[in-house]
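In: can you look at this prediction? I've put the sequence above it.
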Amino acid sequence: MLNLKVAIDSNSGFCFGVVYAIEMAEDILEEQGYLYCLGDIVHNDEEVKRLEQKGLRIITHRDLESLRGEKVLIRAHGEPPSTYQLALRNNLELIDASCPVVLKLQNRIKNSYDKGENIFLYGKHGHAEVVGLLGQTNNNAVVFQDFNELETKTLPRNITLYSQTTKSTGKFYEIKQKLEDEGIQVNANDTICRQVSNRDKELREFAGKHNKIIFVSGTKSSNGKVLYGVCKERNPESYFVSNPEEIDPSWLSEGDTVGICGATSTPMWLMKSVQEKLLEL
Ligand code: SF4
């Protein structure tokens, strides 16, 4: 036995946007026995599996084109206007669980677009939230996930900068500074969700308090990647797992204090099962 002392970070786990979407899905699943959901309801395969067992049917945008007369859940990431138009044509009832923070950002971007601003969006190419945001500009905004993708010499001298809600605050301000250093006037809108940026600080503290950190997240979660990076930076002995089976006992030594934490898309039940597994070692 390794006699580990294991603690779960009380600030980790679902953000309110994800809680809202899952509660909405569970209510309808109880009533109806099944529910269509456009894309993974949350970027966590284990939680998706749990909800699929209750009747959740994950569909793609292509599936949506041939669906008629059903209820379809829009997840927290939000959708572009084209999805709402398609739903209208196909007589679909959208159960809109878009996170209020994302909806507000969609509105801000739409207003900027309507005013004719040069919109640059720091976000992951093809990410569902980014697709929804880009849709507010008729796909005219420039999306980039790395500063090096921008050819600064050819950029307009005046731009409006936004961020996907789950990006790193530090990187966002670094990008703003680099653009200004190139002589570009930047109207910077820090639209990173506080559920993400606040966790940054809390997590840094938590990661420093334990010998080892086990970070639990789905591999598709952008927020998971950012927050794992925060842990790793503060505590190099941080390890990423998607489920308890991925724990490698060689990471741990006898008597270690181990902290378990996760992304805004990591369910508490999954962190608890990681804890149980560690206590068995
Ligand atoms: S991270 Fe923030 S913006 Fe994203 S779903 Fe959660 S609360 Fe909403």
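Out: Nice, I can see it.
In: any chance you could map the helices in the stretch 1-150 of the chain?
Out: Using DSSP state H, counting those that start in this stretch, the helices of the stretch 1-150 of the chain run over 16-32, 45-53, 61-65, 81-89, 100-114, 128-135.
In: just the ones you listed: most buried one?
Out: Most buried of the helices of the stretch 1-150 of the chain, by mean neighbour count (mean count of other CB atoms under 10 Å): helix 128-135, with a mean of 23. Where you see a C-beta, it was placed from the backbone N, CA and C, and this is true even at glycine.
In: that helix vs the ligand: in contact?
Out: No. Counting by CB under 6 Å from any ligand atom, the ligand is not contacted by helix 128-135; separation bottoms out at 7.4 Å.
In: can you list contacts of that helix?
Out: Helix 128-135 is contacted by residues 39, 75, 77-83, 98, 102, 105-106, 109, 121, 123-124, 141, 143, 162, 164-166 when judged by CB atoms under 8 Å, 6 or more residues apart in numbering.
In: tell me, which of those make contact with the ligand?
Out: Val102, Thr165, Thr166.
In: in the stretch 51-200 of the chain, which spans are strands?
Out: Taking DSSP state E, counting those that start in this stretch to define them, one finds strands in the stretch 51-200 of the chain at 56-59, 71-74, 93-96, 119-122, 142-144, 158-163, 185-188.
In: so does the second one get close to the ligand?
Out: No. Strand 71-74 does not reach the ligand (CB under 6 Å from any ligand atom); its nearest approach is 12.1 Å.
In: may I see the strands of the stretch 51-200 of the chain organised as JSON lines, with mean neighbour count, mean pLDDT and distance to Glu31 added?
Out: Formatted as JSON lines, these follow (neighbours: other CB atoms under 10 Å; pLDDT from 0 to 100; distance: least, CB to CB, whole Å):
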{"stretch": "strand 56-59", "mean neighbour count": "17", "mean pLDDT": "98", "distance to Glu31": "13"}
{"stretch": "strand 71-74", "mean neighbour count": "21", "mean pLDDT": "98", "distance to Glu31": "10"}
{"stretch": "strand 93-96", "mean neighbour count": "16", "mean pLDDT": "97", "distance to Glu31": "11"}
{"stretch": "strand 119-122", "mean neighbour count": "24", "mean pLDDT": "98", "distance to Glu31": "37"}
{"stretch": "strand 142-144", "mean neighbour count": "18", "mean pLDDT": "97", "distance to Glu31": "38"}
{"stretch": "strand 158-163", "mean neighbour count": "20", "mean pLDDT": "97", "distance to Glu31": "37"}
{"stretch": "strand 185-188", "mean neighbour count": "16", "mean pLDDT": "98", "distance to Glu31": "44"}
